[in-house]
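with the sequence up front, the predicted model follows.
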Amino acid sequence: MASNTMAGLVAGSHIRNELHVLQSVDEHQPPTHPSASKVCRVCGDEIGLKENGELFVACHECGFPVCKPCYEYERSEGNQCCPQCNTRYKRHKGCPRVAGDNDDNLDIDDFDEEFQIKSPPDAREERNIFANSENGDYNQQHRHPNGPAFSSMAGSITGKDFEGEKDIYNNAEWKERVEKWKTRQEKRGFVSKDDRGNDNVEEDDFLMAEARQPLWRKIPISSSKINPYRIVIVLRLIILCFFLRFRILTPAYDAFPLWLISVICEIWFALSWILDQFPKWFPIERETYLDRLSMRFEREGEPNRLSPVDVFVSTVDPLKEPPIITANTVLSILSVDYPVEKVSCYVSDDGASMLLFDTLSETAEFARRWVPFCKKYNVEPRAPEFYFSQKIDYLKDKVQPTFVKDRRAMKREYEEFKVRINALVAKAQKKPEEGWVMQDGTPWPGNNTRDHPGMIQVYLGSAGALDVEGKELPRLVYVSREKRPGHQHHKKAGAMNAMVRVSAVLTNAPFMLNLDCDHYLNNSKAIREAMCFLMDPQLGKKLCYVQFPQRFDGIDRHDRYANRNVVFFDINMKGLDGIQGPVYVGTGCVFNRQALYGYDPPVSEKRPKMTCDCWPSWCCCCCGGSRKSKSKKKAEAGLFGGPYTKKKKMMGKSYMRKGSTGSMFDLEEIEEGLEGYAELEKSSLMSQKNFEKRFGQSPVFITSTLMEDGGLPEGTNPTSLIKEAIHVISCGYEEKTEWGKEIGWIYGSVTEDILTGFKMHCRGWKSVYCTPKRAAFKGSAPINLSDRLHQVLRWALGSVEIFLSRHCPLWYGYGGKLKWLERLAYTNTIVYPFTSIPLLAYCILPAVCLLTGKFIIPTLTNLASVWFLALFLSIIVTGVLELRWSKVSIQDWWRNEQFWVIGGVSAHLFAVFQGLLKVLAGVDTNFTVTSKAAEDAEFGELYLFKWTTLLIPPTTLIILNMVGVVAGVSDAINNGYGSWGPLFGKLFFAFWVILHLYPFLKGLMGRQNRTPTIVVLWSILLASIFSLLWVRIDPFLPKQRGPVLKQCGVEC
């Protein structure tokens, strides 16, 4: 393990009443608090002593080391503030006065400086700890680096020893902004030209006015782009109705079965198009203002008021999910541009792997050097693997002379870090017979991955190792929930719920960011982007989550298998953002903790209707008679409500809640009631039993759910928090509770993300789609054909499971607040796999028509030709206008269309049958994948072939249609000129199928254009059987009974 592991791993089981602190031996553990520096952090010179022999301290707020010359220069020529905490410097005795010093307190300042109470450094540190304690309790173990691993969980966060680097404008830009603001104020009559003398006051007024501006704004699509799009959609719907009417009323009697199948397929395609198209009726975009967020919540000389955030990273098997990728994700989180004391990173290890545990130890040690490097030079992205692999000019916009030297040193340290991780991976390939043993000789508690206690380890944080510059780092927590045989663990959804509970006990941030282990922060300001919405005073209380689009690295330029999924993220999601919000896609999402607890959003008060006095009070048409009743209701509310008017609903019951600033409910008070409360207030409190049935039997966790603004409950201590943290991740904690049913991530589907977001939208919550200019998160996507199909199979299987469950959008949540267009969108997300059945039939029809000489459409009339032409034109125009407003390239749109067919006839088809077998018959069918070695070249994985049964249906379709094309052309050549006309329609549909399956065919051939023999054999076998059966039973030939009588040609 690395040197910065605090005291040891804490493992335990609530069921077995066990709690163990496994000490780890570490001789090279870095000191928790380095010795006080006597070097100026501005010029590098030594800090001198004052006349009385004590060390000169420029800023008494944070103690940032600055020498006296730099202090005097900053006061006379600079901004007169401390570089670290931005507090205005006070004048020291004997220093020259400058403009802005308080003249009334000159003598007092001198008196305070001369007779200042002296206190030793330890006392000052102790006083700072008390002042910054989150719960009012001082923990003596906080100052001992060799204390228990969780000595800091309940309490003190030490003084904010970090430099908050803010984005500031240069002088010219700032003056230009201030002048524009002054001009606007003059036009509005707020300021006259004569009043523009005091620039400092006006600049402060400008900052205040700027801070009061909205943190975001909605950018609707231009009417010149969206209105033609809507008109074409309506026209296409009308044309589609007339086309289907024509198809139904003109059957092809010579090929009636083919005609019937084709009409059924076309009706299904029309319904599927409606479900997909109309939720895109109100697309919007949003823009955030990060500078206003800083002005409002990060004011100079005041405590930082940005909300804390808990970040969740989930992983299962480090051998399949490379530890170096998880380490990069964690490093990008630890170096995020956000106050360090307000960020906590939780890593869930659902495989109880010692490899991941050791990887996090090494990562925490490397973070002590990586985080200050990122913040000093403001590098992007802050995942070292992807930062050092960028093929760009990394010197652009860099002006510090030391950057090149520091970057080379950091790259070398990262390469050494990778070698250490590779050594851990190599060691983990073969498990010892006696099991894994930790560095201190203690057996690893997770040797049996299916039967092990819960484990928690805290790295870094307020009581952990500081970085190389002596500054605090965000808290990093390793979590592995308890697993025992006979208990249902619910895979990823269960792991996410365990992290929700353990984070509520240890930090209880009001907002949570959910990331997959391969999705790193590409934009260090991503959390600030989300806070522009979640901390908005009007919209924030109604938001359940802020969803970011998924962007990917390592995809080939042509994106052969539509891995980027651009159409969904840049068209569908923007459309949903204009209704009730985007769907939750499983990663890159910042949640409101209260929404995950199953609470309803706050109900906004409706504005009172306008009334007039033109009619008598008994006349109801002008609402004259209702004014008195309204005023009476307000009086009653004021009489009985008082300070307890803030209510939330949960499962149809109202109960009282208070923020973290007020006193919290004790569980005994919840159960027995307080004598001082009125009967009306007692009735609104849920009983303790109801809380336990809903949230589980953890008093600390239940109390944390009532704290709307986050924070830890008062009166907690480190020992109780450790015990509760182990308790809430025990395997039996969720039994007989509503976890997974109404609270947290919802169980019952492989795609728990769709189900979780759907439940929150049904309660009336809204969500927001945030698309910053620089992608917030980036991840890795499977770029070879087999892995991509299996990924789509898993998504489609989850949709089928939801369709067959009680949470199906077709019949669930009609009593809630889900908007109709949002319901259409959710219906489309669970119905689309069933489109595979008509799609497969429709792709077979061209080959059948070419082989039999029949066609699904009878001879076309002029009117029928018009409807066909109008339908194809409307499809093309709709696509063009959609690309126009969404700014999606035509290549991305075409790749999406192609893979819709490829996935529809393979993965979606298998998902339908697998889902039916799983839900109805209880049979869980798995498709195995066997891989060959990939090449080491760039995009080598693109040509990696993995055999899977999903490849058989598309290959069979390609062979059938190619055989049909050859047979149809041969027949036309033999029969002469007259047979070419009817052939063109059949060839058009056959080439439509082949063109959509072309990327599949190209992937099947591989780099050497060689198709695996087993695929060829299976496909030829199926195609031959189908063709022979068709020839044998040809249903379109007239059946004759008895002998065939013909003239023999001989005159008898």
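Now that the structure is in, tell me what you want to look at.

so Phe899 touches Asn565, yeah?
No: look at Phe899 against Asn565 with CB atoms under 8 Å: they stay out of range, at 9.1 Å. For the C-beta atoms, the positions are set from N, CA and C on the backbone; glycine is no exception.

those two: who's more crowded?
Comparing Phe899 with Asn565 by neighbour count (other CB atoms under 10 Å), the higher total belongs to Phe899, at 24 against 20.

who touches whichever strand or helix holds Phe984?
Phe984 belongs to helix 980-996 when assigned by DSSP states H and E. Residues from elsewhere that reach helix 980-996 (CB atoms under 8 Å, 6 or more residues apart in numbering): 843, 845-847, 849-850, 855, 857, 897-898, 901-902, 957-958, 961-962, 964-965, 968-969, 971-972, 1001.

averaged pLDDT, it. What do you get?
The average pLDDT for helix 980-996 rounds to 81.

can you give the contact residues for the helix or strand following it?
Under the assignment DSSP H and E, the closest C-terminal helix or strand after helix 980-996 is helix 998-1005. With contact meaning CB under 8 Å, 6+ apart, helix 998-1005 is reached by 560-561, 784-785, 895, 898-899, 902, 951, 954-955, 958, 994, 1011-1012, 1015.

for Val347, helix, strand, or coil?
Classification of Val347 by DSSP: H, G, I helix; E, B strand; the rest coil places it in strand.

looking at it now. What's its pLDDT?
Value for Val347, per-residue pLDDT: 93.

next one: the one 10 residues further on
At Phe357 the predicted local distance difference test score is 91.

confirm for me that it is in contact with Tyr478.
Yes: Phe357 is within contact range of Tyr478, at 6.1 Å (criterion: CB under 8 Å).

of the two, who's got more company?
Per other CB under 10 Å, whichever of Phe357 and Tyr478 has more neighbours is Phe357, with 25 against 22.

contact partners for the more buried one?
Phe357 makes contact with 1, 9, 349, 444, 457, 478 under the criterion CB under 8 Å, 6+ apart.

now the helices: where do they sit in the stretch 151-300 of the chain?
Using DSSP state H, counting those that start in this stretch, the helices found in the stretch 151-300 of the chain span residues 171-187, 199-211, 223-249, 256-277, 290-297.

between those helices, which gets the lowest average pLDDT?
helix 199-211 (a mean of 58).

measure Tyr842 to Gly879 for me?
With distances taken as CB to CB, to the nearest Å, Tyr842 is found 19 Å from Gly879.

more neighbours, these two?
Between Tyr842 and Gly879, counting by other CB under 10 Å, Tyr842 is the more crowded of the two (23 against 16).

my guess is the more buried one meets Val263, correct?
No: counting by CB under 8 Å, Tyr842 sits too far from Val263 to count as a contact (10.8 Å).

buried residues in the helix holding Phe984?
By neighbour count on 16 or more other CB atoms under 10 Å, the buried set for helix 980-996 is 982-983, 985-987, 989-990, 993-994, 996.

likewise for stretch 52-68?
Buried, per 16+ other CB under 10 Å, within stretch 52-68: 56-59, 61-68.

could those be laid out in TSV, adding distance to Arg247, pLDDT and secondary structure?
Shown next, in TSV, are the buried residues of stretch 52-68 (distance: CB to CB, whole Å; pLDDT from 0 to 100; DSSP: H, G, I helix; E, B strand; the rest coil):
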residue	distance to Arg247	pLDDT	secondary structure
Phe56	90	83	coil
Val57	86	86	coil
Ala58	84	84	coil
Cys59	80	85	coil
Glu61	78	76	coil
Cys62	77	77	coil
Gly63	81	80	coil
Phe64	78	81	coil
Pro65	82	84	coil
Val66	82	84	coil
Cys67	87	84	coil
Lys68	90	83	helix
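
need the contact partners of stretch 247-259.
If you take CB under 8 Å, 6+ apart as the criterion, stretch 247-259 is touched by 260, 262-263, 266, 845, 848-849, 852, 854-858, 864, 1035-1036.

mean confidence score for stretch 767-775?
Mean predicted confidence for stretch 767-775 is 92.

buried residues, that stretch. List them.
By neighbour count on 16+ other CB under 10 Å, the buried set for stretch 767-775 is 767-772, 775.

kindly report the same for stretch 518-537.
By 16+ other CB under 10 Å, the buried positions in stretch 518-537 come out as 518-536.

over to stretch 222-232?
226, 229, 232.

likewise stretch 398-417?
Across stretch 398-417, burial judged by 16+ other CB under 10 Å covers 403, 407, 410, 414, 417.

and the nearest residue to the third one once chain neighbours are set aside, backbone torsions?
It refers to Met410. Counting by CB to CB, 6 or more residues apart in numbering, Met410 lies nearest to Phe373, which is 5.1 Å off, once chain neighbours are set aside. In terms of degrees, to the nearest 10, the main-chain angles of Phe373 are phi -60, psi -40.

wait, Phe373 touches Arg408, no?
No: using CB under 8 Å, Phe373 makes no contact with Arg408, being 11.4 Å away.

picking that back up, kindly reformat the buried residues of stretch 767-775 as TSV containing distance to Tyr747 and secondary structure.
TSV is the format used below for the buried residues of stretch 767-775 (distance: CB to CB, whole Å; DSSP: H, G, I helix; E, B strand; the rest coil):
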residue	distance to Tyr747	secondary structure
Ser767	21	strand
Val768	26	strand
Tyr769	26	strand
Cys770	28	coil
Thr771	31	coil
Pro772	33	coil
Ala775	31	coil
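
mind putting those residues into TSV with distance to Leu810?
Converted to TSV, the buried residues of stretch 767-775 look like this (distance: CB to CB, whole Å):
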residue	distance to Leu810
Ser767	21
Val768	26
Tyr769	25
Cys770	30
Thr771	30
Pro772	35
Ala775	35
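
out of the residues you listed, which one sits closest to Thr827?
Thr827 lies nearest to Ser767 out of those, by CB to CB, at 17.5 Å.

rewinding a little: from the buried residues of stretch 767-775, which is closest to Ala383?
Ala775 (12.6 Å).

state the number of residues packed around Gly554.
So Gly554, with other CB under 10 Å, has 16 neighbours.

nearest spatial neighbour of it, chain-adjacent residues omitted?
According to CB to CB, 6+ apart, the nearest residue to Gly554 is Ser780 (5.7 Å).

tell me the contacts of that neighbour?
The contact partners of Ser780, by CB under 8 Å, 6+ apart, come to 325, 518, 552-554.

from the contacts of helix 980-996, list the buried ones, please.
The neighbour-count criterion (16+ other CB under 10 Å) marks 843, 845-847, 849-850, 855, 857, 898, 901-902, 957-958, 961-962, 964-965, 968, 972 among those as buried.
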